[in-house]
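**Student:** here is my input; please provide its structure:
(2 chains)
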Amino acid sequence: MLVGGLCGLLSVYVVLRRMSYIGHGLAHAVFGGAVASYALHLDFYLGAGLWGGLVVLAIDGIAAQRRLHADAAIGVVTTASFAFGVALMSRMRRFVRDFEAVLFGNVLGVSARDLVVIAAVTACTVAALAVLHKPLLLSTVSEDVAQVAGVPTRRVRRGFAVVLALAMLAALQVLGVTLVAAGLVIPAATARLLTHSIATMLWLSPLLGALAALVGMYLSYYLDVASGAGIVLVATLGFAVALAWRRATAP
Amino acid sequence: MSRPLVELRRVTAGYDRQPLWRALDFALWPGQFAALVGPTGAGKSALLKVLVGLLPVMTGSVQRAPHLAIGYVPQGEAIDGHLPLTVEQMVCLGGYRQTRPWPWFNKQERRQAAAWLERLGLGAYRGRHLSQLSGGQQQRVLLARALMGQPQLLVLDEPTTGVDLHTQHTILHLLRDLHGEGLSVLLASHDLNTVASHVPWLVCFNRGLVAQGPAWHRAHPGGAAPDLSRRHGGGAPRGANPGGQPHAGPPPRQRRAAGSRRWHPCLNPCTTAFSFTACWLPCW
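**Tutor:** Below is the predicted model of the structure:
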């Protein structure tokens, strides 16, 4: 539920800033770091976290050249990182079973230490977003206007990407690499269909994310499917209901 | 003696390492209300971006007054109708410099936003969603957002483009009123007729400074056309105060440099008066 709420909160900014693609890309990029840290016997969170930070800096550095848009930089860096992880994994076949959980999520594999990390990342994310809320919104509206108004746009962008990478790291065990991106999009997309207010979105989206996580986990347990798949399918069902409601009530 | 708000010295700037102009000297003074006029592609937007600090210069230097607060309205900023923001929230965002680091807007910010919206004729739209506004109303919201930052200098890129005639005049009259209250204003426009009738100082720019001076009908009602012989790279004389007394230009010269255009005054249909550099179209 904590992971659902965390992803739900972040998803508000991901959707408004049209960053769904970076969510998808970062999840895959972090996978490369996860495999590398496993292979090198490093701490998972430390290795994958550092890797995620480097990926964020690399994307930002390429995008800052102005010759390429950020989506191209994301496409290059994150897929390269994912490919690196896959290549490393195929060289060390004994790890394949362990990484099924990373790819598709396994809530039963969450340890007490993972819970502490998830709680800490959630607290840090809430604090960071409280400070970043206004600059993020203004730079979402117009990057140029934000810069002239005194927003350190590049630092804000990097800060948000780092928060995003940390949240992904925390959510990886539950949702899995391939599905964590959905957790960073669907709750806010559903909330947006239900409200025109940013304030409402900011509590509704985490609530929807937490609810999807709770119901999805129970479903995955009873239906014996991967926890990530269960959570994402429940969240998608919620989105479909909201879409139908929106269409039915639209003037 | 007052110092310029922003001063460019021998500035070369452009995009992708391709200079749009070279070695430009230009200054904006406190209390100035000027319009940057020129054809599409003249580099007006690039010059504004250099002035506000969005476009780095290739050579030369840009000096801004210490703690200068600039309000900026970029060209053709389309408000994203998908953003779940009300008109009031959008305007409040402009006050970033004064805002507290909390994720909400306090009463003072909301009161200030309401006052600007009221002044711009949008008081009744405070709680509306942005997508419910017309193009002209959205342009006024962007102006209110820029003013929320309590700027000393307001920079607007084509603020009257794409809006109806009534809104054009509302915006320009408001800018004139704000200038009267002490705000320095610089706007870029390709529509000379519209700005010449409202803005007291015109800067003719076409990949370099062509000429600058007071709107002719203001400086010399019924007088002869001005000297427009100062061409690219001429720049404003340092130390001059364009917001003060207008230039008394010598009689017009018909000198035509080889390969250059000849400039002529034309009747400004908006004011039925001769306006300074009233036409930048070549007269062959």
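**Student:** and chain A, which residues reach chain B?
**Tutor:** Where proximity means Cβ under 8 Å from any Cβ of the partner chain, the interface of chain A facing chain B comprises A:16, A:66, A:129-131, A:133-135, A:137-138, A:140-142, A:144-151, A:192, A:195-202. Using the backbone N, CA and C atoms, a C-beta is placed for each residue, glycine as well.
**Student:** nearest residue to the middle of chain B?
**Tutor:** Most central residue of chain B, judged by C-alpha distance to the mean C-alpha position with Cα atoms, centre = their mean, is residue B:187 at 1.0 Å.
**Student:** give me the nearest residue to it, chain neighbours excluded.
**Tutor:** For residue B:187, the nearest residue in space outside its immediate sequence neighbours is residue B:156; the separation is 4.2 Å by Cβ to Cβ, 6 or more residues apart in numbering or on different chains.
**Student:** quick check: beta-bridge partners of that neighbour?
**Tutor:** Following DSSP bridges, residue B:156 is listed with bridge partners residue B:73, residue B:187.
**Student:** gap between it and chain A?
**Tutor:** 12 Å (Cβ to the nearest Cβ, to the nearest Å).
**Student:** state the pLDDT value of residue 74.
**Tutor:** With no chain named, the answer covers chain A. For residue A:74, the pLDDT comes out at 82.
**Student:** sorry, I should have been clearer: chain B.
**Tutor:** Residue B:74 is assigned a pLDDT of 88 by the prediction.
**Student:** list the contacts of it.
**Tutor:** By Cβ atoms under 8 Å, 6 or more residues apart in numbering or on different chains, the residues touching residue B:74 are A:142, A:144, A:145, B:157.
**Student:** show the pLDDT at residue B:201.
**Tutor:** 89.
**Student:** nope, residue A:57 is what I meant
**Tutor:** According to the model's per-residue confidence, residue A:57 sits at a pLDDT of 81.
**Student:** repeat that for residue A:247.
**Tutor:** So, for residue A:247, pLDDT stands at 89.
**Student:** one step back: surely the residue nearest to residue B:187 meets residue B:184?
**Tutor:** No. Between residue B:156 and residue B:184 there is no contact under Cβ atoms under 8 Å: 11.9 Å.
**Student:** so how many other residues sit close to the closest residue to residue A:185 other than its chain neighbours?
**Tutor:** With sequence-adjacent residues excluded and distances taken as Cβ to Cβ, 6+ apart, residue A:185 is closest to residue A:20, at 4.9 Å. Applying other Cβ atoms under 10 Å in any protein chain shown, we find 18 other residues in the vicinity of residue A:20.
**Student:** how close does residue A:20 get to residue A:188?
**Tutor:** The spacing between residue A:20 and residue A:188, counted by Cβ to Cβ, to the nearest Å, is 10 Å.
**Student:** tell me, what's touching these two both at once?
**Tutor:** residue A:14.
**Student:** near chain A, which residues of chain B are found?
**Tutor:** Residues of chain B lying close to chain A (Cβ under 8 Å from any Cβ) are B:16, B:49, B:52-54, B:70-74, B:77, B:79-80, B:82-86, B:89-90, B:93-94, B:96-97, B:99, B:101-104, B:129, B:145-146, B:149, B:155.
**Student:** do that again at 7 Å, thanks
**Tutor:** By Cβ under 7 Å from any Cβ of the partner chain, the part of chain B that sits against chain A consists of B:52-54, B:70, B:72, B:74, B:77, B:83-85, B:89-90, B:93-94, B:96-97, B:99, B:101, B:103, B:129, B:149.
**Student:** just those: which are in strands?
**Tutor:** Secondary-structure check on the residues of chain B next to chain A using DSSP state E: residues within strands are B:70, B:72.
**Student:** out of the residues of chain B next to chain A, which end up buried?
**Tutor:** Buried residues within these, defined by neighbour count using 16 or more other Cβ atoms under 10 Å in any protein chain shown: B:52, B:54, B:70, B:72, B:74, B:77, B:83-85, B:89-90, B:93-94, B:96, B:99, B:103, B:129, B:149.
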